[in-house]
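> What follows is a predicted structure for the sequence shown.
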Amino acid sequence: MSRVDAVTPGDPADLDARVVVRRGGFVLDAELRAGTGEVVALMGPSGAGKSTLLGVLAGLTGFDEGAVRLHGRTLDDGPGRRTPPSARGVVLLGQDPRLFPHLTARENVAFGLRVRGATKAAADEGAADWLRRVGLEDHGGRRPAKLSGGQQQRVALARALATAPAAILLDEPLTSLDTETAGDVRALLHRQLAETRTTAIVATHDAVDAVALASRLVVLEDGRVTQAGPVRDVLAAPATRFAAAVAGLNRVVGRVDAGHWRAGGLVLPVTEAAASLVLAGELAAVFGPAEVRIIDTAAGRPGEWAARIVRLEQTPAGVRVRTADPDVAVDLPASRAAGWEPGTTLTLAVDPAAVRFFVV
Amino acid sequence: MTGVSARTERTGFVPRVLIVPAVLGLGLLILPLGALVLRVEWSTLWSDVTSPQALAALGLSLLTGAIATAVCVVLGVPLALLIARSGDRAAGALRALVTVPLVLPPMVGGVAMLFLFGRTSWLGGALAEWGIRIPFTTTAVVLAQTFVALPFLVLALEGSLRATGTGYEQAAAGLGAGRWTILARVTLPLAAPGLVAGIVLCFARAIGEFGATALFAGNAPGVTQTMPLAIYTAFNGAGVSQGTAVALSLLLLVTAVGVLLLVRAWRVETPR
């Protein structure tokens, strides 16, 4: 049972969910909490269970054990006692905005108000107001097919927030948008979530979304929460390889022996403070790919090692070299990489002062 | 060269020679109707189509066809929803059951309905005790038409419902809409193309129905004699000229085309 507890004890969480879903060999067993108006980012590799978890919270996916409480109401108390999606006050907004294709943008936004009993005039007025808030006041008469992907996502956001939901669940809402549009929609999301103080869970694969939108980050891997905390804390001290990759850092687990940390050919001195963290003789070393330099000849200083290239990836800034034993990513300018290929051996060095050690 | 590529974009890369069977097929559909029109005796046409028997048959056909179509909508929409939202195996089995009346000669359906509703069956016997007799009544005409037309509506609508999926319904539920609201404002409007196509096919099949009606409802003028039966009677019947049959056929043809055009004009354009 993994547990996330970033809400201080005694402070009642607005969203408090504990969910167990068993699907063949896959088990999702996670606990998720969010304070009132708090935005929590949910990150994890594909198949980790992010969408399943959001589906359960939205009332669309069944679960085997658990309970979901939101805004002082118990929505679900075990798999047999569930509140239907239409009565939860939870809106799920996915990669596909799912705007009703037979309705105009304004009618789409008005839909949620109409089904809540608003008169046609009031719903139209509310819809027009929300379209203005997302910058689409001139597009109300258009059908979704006549809107761009970013505009559709804006309408979907307006439609969701217009119903004043107790919580909004965003499942990779920016993934299908181009970089610039995604930036616009991200900024809009941030502003509107803050203005409306809507409790939100944002599943994303992009650390940029987490940093821009959320105050807390929950990492879900293989159905379990592996790390949770304030976004920048998690990204600065990733507890798993996945979290390190999200943060763009190297995380290498090595053995500690006689004041030295060792992983493959890399040996680093261990400070006294770091030594106190050692658990079962192991420590995780975390450092950025840019902290690693390439040197011509080994001088026998700590932090130098001979590394064999296993993969070369072209990046916009140059070349990312992945080496084996230990498995480390190194960013180098493209000019240095001429003539290299998998199997080439390099001498690399990392400044021991740039390496931080964490409990495994 | 732009002209060529623009045209290819529209036509794709279908083998050109397929135009031959395509035109043959079109001819097979159109030429017999042309031959029918050529045989029309224009001098007696008006009196033939305005004869009391012809008008009674036409009225009965339109009335029973409309009622049968309405019954098909009331029963067929829920049935299509049931199939579209079943698992793959159950949906396959249900779809096969619904298809049976399509592959069966309609006369067999007529005989089967006679066995179900006839006096000798438990159901027919029970109904008779209540004073209800179904075979050889106008009700039997509607039942026979419903039997042969229902599959068309169900299959057309089910395909449309399945293609749309449940994503929009989930979105609507999340916004607070209940099941009936979702059905009326999301599911059925999105399936409108399939529903309209289904209704057209259903009505066309109903007013063209002959075999099941003949056996289950009979051929009583004014009560169960629909247009197809009137045409058959005129064509085959003693002392009546073939001209009457041809005139009635033309009347049915014009009515059917008129209904099709009416529905096309009413058909809402549903953007995807």
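Here it is on my side, so go on.
> Report the contact partners of residue 174.
As the question left the chain open, I've gone with chain A. A:153, A:182, A:185-186, A:204, A:206, A:209 (Cβ atoms under 8 Å, 6 or more residues apart in numbering or on different chains). Yep, even glycine has a C-beta here, placed from its N, CA and C like the rest.
> ah, I was thinking of chain B
Per Cβ under 8 Å, 6+ apart, neighbours of residue B:174: A:58, A:60, A:85-86, A:88, A:90-92, A:160.
> tell me the SS of whichever residue of the stretch 201-350 of chain A sits closest to chain B?
Distances between the stretch 201-350 of chain A and chain B by Cβ to the nearest Cβ are smallest at residue A:201, namely 13.7 Å. Following DSSP: H, G, I helix; E, B strand; the rest coil, we place residue A:201 in the strand state.
> beta partners of it?
Note on residue A:201: beta-bridge partners by DSSP bridges are residue A:40, residue A:169.
> Please tell me how far it sits from residue A:33.
Relative to residue A:33, residue A:201 is positioned 10 Å away (Cβ to Cβ, to the nearest Å).
> and if you look at residue A:279?
26 Å.
> Same drill for these two, tell me which one is more crowded.
Taking other Cβ atoms under 10 Å in any protein chain shown, residue A:279 and residue A:33 do not tie; residue A:33 has more neighbours (23 against 10).
> residues in chain A within reach of chain B, list them.
A:58-60, A:84-92, A:96, A:98, A:100-102, A:111-112, A:115-116, A:143, A:145, A:159-160, A:163 (Cβ under 8 Å from any Cβ of the partner chain).
> are any of the residues you listed buried, and which?
Applying 16 or more other Cβ atoms under 10 Å in any protein chain shown to the residues of chain A next to chain B, the neighbour count classes A:58-60, A:85-86, A:88-92, A:96, A:98, A:100-102, A:111-112, A:115, A:143, A:159-160, A:163 as buried.
> any weak-confidence spans in the stretch 101-250 of chain B?
B:237-241 (pLDDT under 70).
> Show me what from it comes close to chain A.
Residues of the stretch 101-250 of chain B lying near chain A (Cβ under 8 Å from any Cβ): B:167-168, B:170-179, B:181, B:185-186, B:189-190, B:192.
> So what pairs up with residue A:70 in the strands?
residue A:15, residue A:73.
> where's it relative to residue A:343, distance?
55 Å.
> Between these two, tell me which one has more neighbours.
Counted by other Cβ under 10 Å, residue A:70 and residue A:343 do not tie: residue A:70 has more neighbours, with 23 against 8.
> Which pLDDT value does the model give that one?
For residue A:70, the model assigns a pLDDT of 94.
> now do residue A:17
95.
> Report the buried residues of the helix or strand harbouring it.
Per DSSP states H and E: residue A:17 is located in strand A:15-23. For strand A:15-23, burial by neighbour count (16+ other Cβ under 10 Å) applies to A:15-21.
> quick one, phi psi at the closest residue to residue B:230 other than its chain neighbours?
Leaving aside its chain neighbours, residue B:230 sits nearest to residue B:57 (3.7 Å; criterion: Cβ to Cβ, 6 or more residues apart in numbering or on different chains). Dihedral pair for residue B:57: phi -60, psi -40, per degrees, to the nearest 10.
> Show me what stretch A:130-139 is in contact with.
By Cβ under 8 Å, 6+ apart, stretch A:130-139 touches A:105-106, A:109, A:128, A:140, A:147, A:151, A:154-155, A:157-159, A:161-162, A:188, A:192.
> next one: it to chain centre, how far?
Computed by Cα atoms, centre = their mean, to the nearest Å, the chain-centroid distance of stretch A:130-139 equals 28 Å.
> With stretch A:329-340 instead?
30 Å.
> Excluding its own residues, what touches that stretch? List them.
Under Cβ under 8 Å, 6+ apart, the answer for stretch A:329-340 is A:250, A:289-290, A:292, A:294, A:307, A:309, A:312, A:314-315, A:317-323, A:346, A:348.
> swap in stretch A:250-270?
A:238, A:240-241, A:243-244, A:274-275, A:278, A:281-289, A:292, A:302-303, A:305-307, A:324-329, A:350, A:352, A:355, A:357, A:360.
> 6 Å instead, please
A:238, A:241, A:244, A:278, A:281-287, A:302-303, A:305-306, A:325-326, A:328-329, A:352, A:355, A:360 (Cβ atoms under 6 Å, 6 or more residues apart in numbering or on different chains).
> swap in stretch A:289-304?
A:268-269, A:329-331, A:346-350, A:352, A:354.
> out of those residues, what pair is the most spread apart?
A:269 and A:331 (24.2 Å; Cβ to Cβ).
> So for these two, which sits in the more crowded spot?
residue A:331 (17 against 12).
> Phi and psi next, for the more buried one.
According to degrees, to the nearest 10, residue A:331 has phi -100, psi 130.
> Beta-bridge partners for it, please?
residue A:320.
> Let me see the confidence value for it.
87.
> now it: how far from residue B:9?
Residue A:331 is 45 Å from residue B:9, by Cβ to Cβ.
> Select the longest strand from chain A.
strand A:304-315 (DSSP state E).
> List the buried residues for it?
A:304-305, A:307, A:309.
> Turn the residues you listed into a markdown table, including pLDDT.
Converted to a markdown table, these look like this (pLDDT from 0 to 100):
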| residue | pLDDT |
| --- | --- |
| A:304 | 91 |
| A:305 | 92 |
| A:307 | 90 |
| A:309 | 92 |
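> Just confirm the residue nearest to residue B:230 contacts residue B:228, I think it does.
No. Look at residue B:57 against residue B:228 with Cβ atoms under 6 Å: they stay out of range, at 8.8 Å.
> Settle it for me: which of the two has more neighbours?
Applying other Cβ under 10 Å to residue B:57 and residue B:228 shows that residue B:57 carries more neighbours, namely 25 against 20.
> re earlier: any quick ChimeraX command for the buried ones out of the residues of the stretch 101-250 of chain B next to chain A?
In ChimeraX, this line selects whichever of these come out buried by 16+ other Cβ under 10 Å:
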select /B:168,170,171,172,173,174,175,176,177,181,185,186,189,190,192
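> Span of stretch A:136-145 from start to end?
Chord length of stretch A:136-145, first to last residue, is 15 Å (Cα to Cα, to the nearest Å).
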